[in-house]
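**Student:** Below are the sequence and a predicted model; questions follow.
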Amino acid sequence: MQDWSRPDPLTRDLIHLINARRHDHWDVDAALDTLTELIEQGREEEILKVLAALDEDMAEWLFDLLAEAASTTVGDDGEDETQGGAQLTIALPLQANFEQPLRLTVEPEETAALLRRYLHLSHESQVVVEPKLLTDTTLERLSLQGLHAHVETVFSGTRSRPFAARLHTPMEHTVYLLFGVREAGEPTVPQELGPEEQDGLLQGLRAQCSDLAPAPHLLEAPVYAAYALFDAKNSVGLQRLADETIAVWRELTPTVRGRVIVHLHTQCGNGVYMPVWTDLLDPAVGEDAGPLWTSPDVWVFTADLPIEWPGEVLTNRLLAEGCTRFENHIVETPEN
């Protein structure tokens, strides 16, 4: 937080919100108001740092509220209050030649029809599709504040700007289709996609965008766009951690490089914002002397993130570089 000794009123509201939740007398409207105001002020990083200090149940509760605050559509005064809307995303496999310009676009009306059919949405539901398929690095540059502002205009029919000004070269073979669904009550989307839905949806999208890979088994049911944004931030952050670790490992002399052990440090927990970091250790020096090098922390959000995934990203990259000595260290605490 900015200054824990003298927190501003909004920070105090966040602290009171958490304490009220602990004692089961919190108010959902007050909670959403507090989180929405923090988002609108561009202070989401403060909320994420607080998440890191919470237990699993509290952290998942707070992030679900944060996602709702960033995903709820704000309608005009004259609209029916029973109408509910949400910005959703589907992660799609990519097979682009990254040396060529990316042409990741779809036709909004045609794609909206595909989504209605294969997500079994009602004909009365309003579906608005982002024409650009966003890369992980595009999403990594966005904020929940920007997402929240965009959701407010997504159903107005007068959007003057795209969600992202331009694409960025992806780090992983994944792109994201963002779309909004609005219908009476809360939007209903499937919890999972069957083989027919996966294949039909991907075939329809590939007909519009040939850069997509023919891999329907990789398609999953859509999630709130806020979760996709954090998946992208995780992906980019871990890839950059691998880049930095590999760069330092290459600078070592061949003798030292041959015996150095790479330790990847992760913390336990699900639904928590947690640091991941690496150490390069030389057994010949001894553990008391400490690591040859320690990376800066990369913060990742661990909702539905397998604990093995950060280690898998790094070790696969290091194996490709010729490094074979590495260990994944899970840091546990008495509270977790």
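**Tutor:** Looks like it arrived, so ask away.

**Student:** Residue 10 and residue 16, how far apart?
**Tutor:** 11 Å (C-beta to C-beta, to the nearest Å). (C-beta placed from N, C-alpha, C; glycine too.)

**Student:** buried sites along the strand or helix carrying residue 92?
**Tutor:** In the assignment (DSSP states H and E), residue 92 maps to strand 83-93. Buried residues in strand 83-93, counted by 16 or more other C-beta atoms under 10 Å: 84-93.

**Student:** Does anything pack onto the helix or strand following that strand? Which helices or strands?
**Tutor:** Going down the chain from strand 83-93, the next helix or strand is helix 108-118, by DSSP H and E. Secondary-structure packing of helix 108-118 (3 or more C-beta pairs under 8 Å, 6 or more residues apart in numbering; DSSP states H and E): strand 126-129, strand 174-184, helix 195-208.

**Student:** low-confidence ranges in the stretch 101-250 of the chain?
**Tutor:** Where the stretch 101-250 of the chain drops to pLDDT under 70, the residues are 157-160.

**Student:** try 90
**Tutor:** For the stretch 101-250 of the chain, the stretches with pLDDT under 90 are 101-103, 122-126, 141-169, 171-173, 182-191, 223-235, 238.

**Student:** any idea how far residue 103 is from residue 175?
**Tutor:** 11 Å.

**Student:** bridging residues for the residue lying closest to residue 115 once chain neighbours are set aside?
**Tutor:** Closest residue in space to residue 115, ignoring its immediate chain neighbours: residue 127 at 5.5 Å, by C-beta to C-beta, 6 or more residues apart in numbering. Residue 127 has these beta-bridge partners by DSSP bridges: residue 181.

**Student:** and the strand holding residue 92, what other elements does it pack with?
**Tutor:** Applying 3+ C-beta pairs under 8 Å, 6+ apart, we find strand 83-93 packed against helix 144-153, strand 174-184, helix 195-208, strand 223-224, helix 225-251.

**Student:** Buried deepest among those, which one?
**Tutor:** strand 174-184 (a mean of 22; mean count of other C-beta atoms under 10 Å).

**Student:** I'd like the average pLDDT over stretch 67-78.
**Tutor:** Stretch 67-78 shows an average pLDDT of 56 in the prediction.

**Student:** Can you classify residue 193 as helix, strand or coil?
**Tutor:** Here residue 193 takes the coil state, with states given by DSSP: H, G, I helix; E, B strand; the rest coil.

**Student:** Identify the residue spatially nearest to the residue nearest the centre of the chain, adjacent ones excluded.
**Tutor:** Centroid-nearest residue in the chain, with C-alpha atoms, centre = their mean: residue 230, separated by 1.6 Å. If the residues on either side of it in the chain are set aside, residue 230 comes closest to residue 301, at 4.3 Å by C-beta to C-beta, 6+ apart.
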